[in-house]
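okay, structure incoming, though there's no sequence with it:
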């Protein structure tokens, strides 16, 4: 009886961990030309979003009080795992992966694609922050 309960508990933990660790793969060509608006977490003083080309992920911030917009384009590529080093030869290639890999401040920065649909994308950053975007285009 105890062994049976232990097996059920181990299976349940394994199942939950696999759900948490699951990420969706997407191709670079599927991101190309898309625009997204941040819906969570909410920012009271600005509108945030992002857009993709085949080789750049651009972060967009529009500050309401200043009536100014700032764009920060960064080169990226998709990967199925988190690399130790940024491989610039992969930029612009049509790859499939569940990680958006960028080079920021002399190190690899990544976003895990937790979920993506025709209307929404959920990302988990290297720092453990989850962001949800709604598709604009």
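Thanks, I have the structure now. Only a predicted model underlies this, so the values are computations on that prediction, with no experimental measurement involved. Numbers count the residues shown, from 1 in each chain.

can you give me the strands in this protein?
Assignment of strands within the chain using DSSP state E yields the ranges 26-27, 35-40, 46-52, 56-63, 68-79, 96-97, 99-104, 107-116, 120-125, 130-135.

closest one to residue 85 among the ones you listed?
Minimum separation from residue 85 across those (C-beta to C-beta) falls at strand 107-116, 6.9 Å. Where C-beta positions appear, they are placed from N, C-alpha and C, glycine not excepted.

show me what the closest one is packed up against.
Packing partners of strand 107-116 (3 or more C-beta pairs under 8 Å, 6 or more residues apart in numbering; DSSP states H and E): strand 99-104, strand 120-125.

between strand 68-79 and the first one, find me the angle.
Here strand 99-104 runs at 120 degrees with respect to strand 68-79, directions being taken by axes from the mean of the first three to the mean of the last three C-alpha atoms, to 10 degrees.

contacting residues around strand 99-104?
Outside strand 99-104, the residues that touch it by C-beta atoms under 8 Å, 6 or more residues apart in numbering are 23, 57, 74-83, 86-88, 90, 108-113, 123.

6 Å instead, please
Here strand 99-104 makes contact (C-beta atoms under 6 Å, 6 or more residues apart in numbering) with 74, 76, 77, 79, 82, 86, 109, 110, 111, 112.

please tell me how far residue 131 sits from residue 94.
Noted for residue 131: a distance of 25 Å to residue 94, by C-beta to C-beta, to the nearest Å.

and these two? which has more neighbours close in?
residue 131 (18 against 12; other C-beta atoms under 10 Å).
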